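*Asks:* dropping a prediction and its sequence here:
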Amino acid sequence: MKRFIVLILLGIIYLLPRVAHLDTIEFGYDQPKLASVVNNFIEKGNFLTSQRFVQQNSWGGYSWGAANIWFYTPFLLLSKHPAIVSILIYLVNFIATILVVCIGWRFFSHKAGIIAGLFLSLHPWWMIFSGLIYQPTPALIISVIIMLLFFETLRKNKNWTIAPLIIFSILLFETYHVTISFLIPTFVLLFIKIRSISLKFSFIGFLLSLLIF
């Protein structure tokens with residue numbers, strides 16, 4: 001019962017500053033471009049033809065990764081209104097925040113889970129990006145899944161969790177390349193801590209992640 005009350009209070013703390021001022025939701029610059037690409041993908045079902053708004057930069061042609069398009073497709077199927085899509089994304093990332101709290105409770109302590117949830121709910125950077133139609137936004141929910149698989153692998157020395165761990169890591173890297181700073185320490189710790197790495201499940205995860213990438 002106490003944990004349920006904590007989650008309710010955390011939900012209020014997370015959602016109140018985000019939905020109280022919907023007129024401050026940002027939808028400019030790269031966000032309309034990404035939304036347009038997703039809408040084109042929904043209409044045509046083809047990644048090559050969906051990249052109609054391609055931005056040129058010093059590295060040559062730039063286009064959105066498939067992982068970003070997959071993530072935003074369900075939201076833009078439900079609504080084309082930026083504010084409604086942002087609210088739906090807020091809710092998905094609230095679920096991710098709750099999962100972070102539960103991971104803290106399961107693998108560390110009650111206090112660790114609450115502090116992690118409050119940090120994500122009130123961090124200024126995440127208050128901005130947790131609802132944007134933009135690259136960093138899907139990073140949290142994918143990172144949380146990776147964290148859960150990582151701790152489950154270490155806790156029970158499981159082998160089957162290695163395959164989805166690799167797959168979601170590739171999805172995270174394709175979604176937002178900066179997350180390499182999260183992925184490298186994750187796999188370094190994994191190889192240091194785990195007693196035996198399953199080559200079979202590692203190969204399955206690597207093969208499927210290559211197909212996705």
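*Replies:* Cool, the structure landed.
*Asks:* determine the longest helix present in this protein.
*Replies:* If you go by DSSP state H, the chain has its longest helix at helix 82-107.
*Asks:* contacts for the helix or strand that comes right after that one next, please.
*Replies:* Using DSSP states H and E, the helix or strand that follows helix 82-107 in sequence is helix 110-122. With CB atoms under 8 Å, 6 or more residues apart in numbering as the contact definition, helix 110-122 has outside contacts at 3, 6, 10, 13-14, 97-98, 100-105, 126, 140. Every residue, glycine included, has its C-beta placed from N, CA and C.
*Asks:* the same query, at a cut-off of 10 Å, please.
*Replies:* 2-3, 6-7, 9-18, 93-94, 96-109, 126-127, 130, 140, 144 (CB atoms under 10 Å, 6 or more residues apart in numbering).
*Asks:* which parts of the protein are strands?
*Replies:* Assigned by DSSP state E, the strands in the chain fall at 55-57, 60-62.
*Asks:* count of residues packed around the closest residue to residue 68 other than its chain neighbours?
*Replies:* Taking CB to CB, 6 or more residues apart in numbering, and ignoring the residues beside it in sequence, residue 68 has residue 175 as its nearest neighbour in space, at 5.7 Å. For residue 175, the count of nearby residues is 24 (other CB atoms under 10 Å).
*Asks:* quick one, what contacts residue 175?
*Replies:* Per CB under 10 Å, 6+ apart, neighbours of residue 175: 64-68, 70-71, 135-139, 141-143.
*Asks:* which one of those has the most neighbours?
*Replies:* Highest neighbour count within the contacts of residue 175: residue 137, with 26 neighbours (other CB under 10 Å).
*Asks:* show me the contacts for residue 86.
*Replies:* 18-19, 22, 25-27, 31, 75, 79, 130-133, 137.
*Asks:* CSV for the residues you listed, including pLDDT and distance to residue 45?
*Replies:* As requested, those are exported to CSV (pLDDT from 0 to 100; distance: CB to CB, whole Å):
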residue, pLDDT, distance to residue 45
18, 86, 32
19, 82, 33
22, 77, 32
25, 81, 29
26, 82, 29
27, 86, 25
31, 88, 22
75, 96, 17
79, 93, 20
130, 90, 29
131, 90, 27
132, 90, 25
133, 90, 20
137, 92, 23
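*Asks:* so which of the residues you listed are in helices?
*Replies:* 18, 19, 31, 75.
*Asks:* leaving out the residues flanking it, which one is nearest to the last one?
*Replies:* Going back to what we said before, that points to residue 75. Using CB to CB, 6+ apart, the closest residue to residue 75 is residue 85 (4.8 Å).
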